[in-house]
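Participant: Mind folding the following:
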Amino acid sequence: MAGGLFALLDDVAVLAKAAAASIDDVGAAAGRASAKAAGVIVDDTAVTPRYVQGLAAERELPIIKRIAKGSLRNKLLIITPVALLLSQFLPWLLTPLLMLGGAYLCYEGVEKIWERISGHQEAKESEAAETDEDTIVARAVRTDFILSAEIMVISLNTIANEPFVRRAITLVIVAIAITALVYGVVGFIVKMDDIGLSMSQKSSRLQQRFGAGLVAAMPKLLTTLSVVGVAAMIWVGGHILLVGFDELGFTLPYDLVHHVQVAAEGVGGIGGILGWIVNTIGSAILGVIVGAIIVTIMHFVPKRGAKAEAGTH
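Facilitator: Numbering: from 1, shown residues only. Sure, this is the predicted structure:
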């Protein structure tokens, strides 16, 4: 009886160790997956604060909460199941879909640059300030859907060789963790001025100065985030396309960037940093080219067609 009990305890201990190892593996996989998607996560964090600019302070966090719920719903109920099914039955389709999302990011980034240069950005911001909350949330969740899809597919590609169940668990962990991280940071960013204002009214001189500094820094921070968001869109989208073209057999762009990157990495001491810079610049150049082509097609081809049609009447 005692022997049977000890044998049972040994079996339980083995199962417990296996479960712990599995949890560690899932945690490590989730960490790797999240790290691979870091560029899009930065983009997502940088893009969202602009949706609550100009709104009443008491409505900022409720709207961010609604956007976060929509983002998590997208990830868990739509993107993750579809991505898992594709990875299981049509894995070859993941790269083209990822590239399609990458091309969209390039388009979004270059279009924002074009709007700023052409002066259309001010009109859009004025229009956004008059938009109701439901429309703001719907627009933000729609943009987040593209970014979330990129995050989840990039994450999935990182763990493509894992068993199906582990892939599913990892993606759920990534979805929850990334959503909490992104919208936690976004919530903190948009409330920085309120925190600063509150601190500036404290009795402590140090708190007053720090609070005044936060209030003064907020406009600059939002402007910086806007620039970072656009740059991240173009860089991340270009990198996705660069790798995707290579996987589909069009290796020239990737080989060119990789050749220069390897040469840069050979520089002693700072080779790693130089290699990353080269890869980033190469990805950004490709992103600008692809984005500019799509912006041209979307903005100028329809206008020329309309003018040609008008000229025939």
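
Participant: Was I right to think residue 149 contacts residue 102?
Facilitator: No. Using C-beta atoms under 8 Å, residue 149 makes no contact with residue 102, being 10.7 Å away. Where you see a C-beta, it was placed from the backbone N, CA and C, and this is true even at glycine.

Participant: which of the two has more neighbours?
Facilitator: Here residue 149 and residue 102 are compared on neighbour count by other C-beta atoms under 10 Å; more neighbours surround residue 102, at 28 against 23.

Participant: Next secondary structure after the longest helix seen in the chain?
Facilitator: The residue-count maximum for a helix in the chain (DSSP state H) belongs to helix 205-247. As assigned by DSSP states H and E, the chain's next helix or strand after helix 205-247 is helix 252-265.

Participant: what does that following helix contact?
Facilitator: Helix 252-265 is contacted from outside by 242-243, 245-246, 271-272, 274-275, 277-279, 282-283, 286, using C-beta atoms under 8 Å, 6 or more residues apart in numbering.

Participant: could you point out which element follows that helix?
Facilitator: Next helix or strand after helix 252-265 toward the C-terminus (DSSP H and E): helix 271-299.

Participant: In contact with residue 171, which residues are there?
Facilitator: Applying C-beta under 8 Å, 6+ apart, we find residue 171 in contact with 33, 80, 83-84, 152, 155-156.

Participant: Show me which pair in those is furthest apart.
Facilitator: The distance between the two most remote of those (C-beta to C-beta) is 13.2 Å, for 33 and 84.

Participant: quick one: which of those two has more around it?
Facilitator: residue 33 (25 against 16).

Participant: so what sits against both of residue 33 and residue 84?
Facilitator: With C-beta under 8 Å, 6+ apart, residue 33 and residue 84 have common neighbours 156, 171.

Participant: quick one on the thing from earlier: ok, which pair from the contacts of helix 252-265 is furthest apart?
Facilitator: 245 and 271 (25.4 Å).

Participant: any idea of the angle the longest helix of the chain forms with helix 252-265?
Facilitator: Helix 205-247 and helix 252-265 are oriented at 130 degrees to each other (axes from the mean of the first three to the mean of the last three C-alpha atoms, to 10 degrees).

Participant: Show me what helix 205-247 is packed against.
Facilitator: helix 38-47, helix 94-118, helix 133-158, helix 164-190, helix 192-200, helix 252-265, helix 271-299 (3 or more C-beta pairs under 8 Å, 6 or more residues apart in numbering; DSSP states H and E).

Participant: average pLDDT across it?
Facilitator: Looking at helix 205-247 alone, the average pLDDT works out to 85.

Participant: That one vs helix 164-190, what angle?
Facilitator: Per the same axes, to 10 degrees, the angle that helix 205-247 makes with helix 164-190 is 140 degrees.

Participant: which parts of stretch 194-212 are buried?
Facilitator: Across stretch 194-212, burial judged by 16 or more other C-beta atoms under 10 Å covers 194, 196, 199-200, 211.

Participant: Adding distance to residue 168, write those out as TSV.
Facilitator: Shown next, in TSV, are the buried residues of stretch 194-212 (distance: C-beta to C-beta, whole Å):
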residue	distance to residue 168
194	40
196	43
199	44
200	48
211	46
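
Participant: Now list the buried members of the contacts of helix 252-265.
Facilitator: By 16+ other C-beta under 10 Å, the contacts of helix 252-265 give 242-243, 245-246, 274-275, 278-279, 282-283, 286 as buried.
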